[in-house]
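Asks: got a sequence here, can you model it:
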Amino acid sequence: MFTFEQYCYDALTLFDRYSEGERNVLVGHSYGTSLCTLVYNERRSRVQKLVLLSGGGPYALAPERLSLFSLPSSLLSCLKPVIVKLFRELCFHSSHRKSWLSDGELLSIDMDNLRHVMHGQSWDEGDEAYHSQITCPTLLVVGRFDRFIALTDEISMNTIVPRSVLHILNAGHLLPIECAEEINELIGSFLTQDLATHCRVHEATLHKKESIV
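Replies: Next up, the predicted model:
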């Protein structure tokens, strides 16, 4: 129920049901970027562009065997207040940790479901060779202070995906919350551009962007 394969089946079913024509754009964040990549490769003739936020490098997925989520679900439920506090510390850059999201909104998922989701993140096929097959224009965005995604991994993705452009923002992992206006601006600009086969990396603040290549 919570395996990557099941999520892919659901994503492909929804795409086939609601997509129209050949000008579809897939947008994913974190774990969702892997789903977008698979849907693109399965339906590439119907996907025009990809937007991958905080997705990480072009590597296969494998669950951590010795992690917090190896604990029994009952114990995780007891530890939920601690887990939520840790999640807030890890996901946000320091200036955004006191966000408008309450603890309940920040991590509303049941601990047993979350445990199964974390253990289901297994995708051996998603390696560099697989990601190198992405040939559509692709927008990559990562937070400079992301504690889940190494900046070097995101740069590797930028190198592997031929028609990708990478923007590095002064934020943590939850870019759509921390930098909502800037993310909207980047995506809007990306959707109206006709990207060539160049590969660029951009440093960005909330008010200024400059190329570092």
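Asks: thinking Thr37 is in contact with Leu50, fair?
Replies: Yes: counting by Cβ atoms under 8 Å, Leu50 is a contact partner of Thr37 at 7.5 Å. Quick note: C-beta positions are derived from backbone N, CA and C, even for glycine.
Asks: quick one: the strands in the chain?
Replies: Assigned by DSSP state E, the chain shows strands spanning 24-29, 47-53, 138-143, 164-169, 200-204, 209-211.
Asks: rank these by pLDDT, which is bottom?
Replies: Comparing mean pLDDT across the strands of the chain, the weakest is strand 209-211, with a mean of 36.
Asks: pretty sure Val39 is touching Leu14, no?
Replies: No: taking Cβ under 8 Å as the definition, Val39 is not a contact partner of Leu14, at 9.1 Å.
Asks: the more surrounded of those two?
Replies: The residue with more neighbours, out of Val39 and Leu14, is Val39; 23 against 11, by other Cβ atoms under 10 Å.
Asks: so what's that one up against?
Replies: 8, 11-12, 15, 26, 47 (Cβ atoms under 8 Å, 6 or more residues apart in numbering).
Asks: reformat those as JSON lines; add distance to Met111.
Replies: Shown next, in JSON lines, are these (distance: Cβ to Cβ, whole Å):
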{"residue": "Cys8", "distance to Met111": "24"}
{"residue": "Ala11", "distance to Met111": "24"}
{"residue": "Leu12", "distance to Met111": "28"}
{"residue": "Phe15", "distance to Met111": "30"}
{"residue": "Leu26", "distance to Met111": "29"}
{"residue": "Val47", "distance to Met111": "35"}
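Asks: most surrounded residue in those?
Replies: In those, the most neighbours by other Cβ under 10 Å go to Leu26, 24 neighbours.
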